[in-house]
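Enquirer: Okay, here's the prediction I keep looking at, along with the sequence it came from:
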Amino acid sequence: MSEFIFQEDDLLMISALQHLLFCPRQCALIHIEQLWLENRLTAEGRIMHDRVHRAGSESRSKKRIEYDLPLRSMKLGITGRADVVEFYKIGGDWIPYPVEYKRGKPKQDHSDVVQLCAQAMCIEEMTNATIQTGALYYGKNHRRTEILFDNKLRRVTIKSVTRLHQLIASAITPMPEYSKKCHNCSFEEICLPSTLVKKRTVKNYLSRMLA
C-alpha cells in the first residue's frame, strides 16, 4: 500500500465503493452530481440501517458490541460508519469483527465484500489490530455470511478505492452501461440507460456508415 497520506478534505465515503462497483454512473450521479433518488429497495435498506444504528452499545465479559461506529483511513482516503463492530476478548487483546447489514441477499458481484473489507482496513489503521474476518448480514435470508479478508480481497479493495478517487477527481459522469440490474436502480428514470445506450449505438452505426 502507498505511504501517501490523504488530507481530511480528500476523504471519500466508504459507501461510495458499493455504488462504484454496482455502477460507476450511479456512483458519479451520487458523489459528483450530488443527486439522490429513493425507491422501495433503498428505503428498506435505509430503514434497516437506521434501526441498527439506534441500538447503542452492549458489553459482556468477553464481548463488546459497538453500533454506528465512525471509521476513517488516512492511507486509503476514505471515511464512513460501520453498522456493527463486535470486539472479542482473546488473550489480552480485543479483536474487532465488523458486520455490515444489507436488506437483500448475497450479490453476484463483490461490491458488498469490498465495502466490508474497506471498513476492516479502516479499523486496522485506527486500532493497530489485525482483522482476519467479518460478516455480511442479509435481511432476506436472516443469515450472516462470513468474509475472509485475505490478500486477494485486500488488493481488490485497494484497487477499487483507487478507482473511486480517480472517478471523483475526474468530475466526469460516465455514460450508462445498460443491463438487467438497471431496473432495480432508483436512478433509472433520470439515468435513462436504455435510451442513451440506444442513441449511442445509432450514432456509432451512422458514423461507421459515413466513414
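Expert: All right, it came through fine.

Enquirer: Can you show me the helices along this protein?
Expert: With DSSP state H as the criterion, the chain has helices at 15-22, 24-31, 40-53, 111-127, 151-170, 188-191, 193-210.

Enquirer: who does the longest strand seen in the chain touch, helix- and strand-wise?
Expert: Under DSSP state E, the strand in the chain containing the largest number of residues is strand 78-90. If contacts are counted by 3 or more CB pairs under 8 Å, 6 or more residues apart in numbering; DSSP states H and E, strand 78-90 sits against strand 12-13, helix 40-53, strand 63-73, strand 93-102, helix 111-127. For the C-beta atoms, the positions are set from N, CA and C on the backbone; glycine is no exception.

Enquirer: try it again with 6 Å
Expert: strand 63-73, strand 93-102 (3 or more CB pairs under 6 Å, 6 or more residues apart in numbering; DSSP states H and E).

Enquirer: Highest mean neighbour count out of the ones you listed?
Expert: Mean neighbour count (mean count of other CB atoms under 10 Å) peaks for strand 93-102 among the helices and strands packed on strand 78-90, with a mean of 20.

Enquirer: strands paired with it, and their directions?
Expert: Strand partners for strand 93-102, identified by DSSP bridges, are recorded as strand 78-90 (antiparallel), strand 133-138 (parallel).

Enquirer: what angle separates that strand from helix 111-127?
Expert: Here strand 93-102 points in a direction 150 degrees away from that of helix 111-127 (axes from the mean of the first three to the mean of the last three CA atoms, to 10 degrees).

Enquirer: picking that back up, how about the strands paired with strand 93-102 in JSON lines, adding distance to residue 127 and mean pLDDT?
Expert: As requested, the strands paired with strand 93-102 are exported to JSON lines (distance: least, CB to CB, whole Å; pLDDT from 0 to 100):
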{"stretch": "strand 78-90", "distance to residue 127": "9", "mean pLDDT": "96"}
{"stretch": "strand 133-138", "distance to residue 127": "14", "mean pLDDT": "97"}
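
Enquirer: Any chance of CSV for the ones you listed, columns distance to residue 23?
Expert: Below are the strands paired with strand 93-102 laid out as CSV (distance: least, CB to CB, whole Å):
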stretch, distance to residue 23
strand 78-90, 19
strand 133-138, 20
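
Enquirer: between those strands, which one is nearest to residue 110?
Expert: Residue 110 sits nearest to strand 133-138 of all the strands paired with strand 93-102, at 11.1 Å, using CB to CB.

Enquirer: Which of the residues in that closest one are classified as buried?
Expert: Neighbour counts over strand 133-138 (16 or more other CB atoms under 10 Å) mark 134-138 as buried.

Enquirer: CA atoms of it as CSV?
Expert: C-alpha atoms of strand 133-138 as CSV (Å, rounded to 0.1, in the frame of the first residue of the first chain):
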residue,chain,number,x,y,z
THR,A,133,-12.7,-12.0,9.2
GLY,A,134,-16.0,-10.1,9.3
ALA,A,135,-19.6,-10.7,8.2
LEU,A,136,-22.3,-9.5,5.9
TYR,A,137,-25.8,-9.9,7.4
TYR,A,138,-28.5,-10.2,4.7
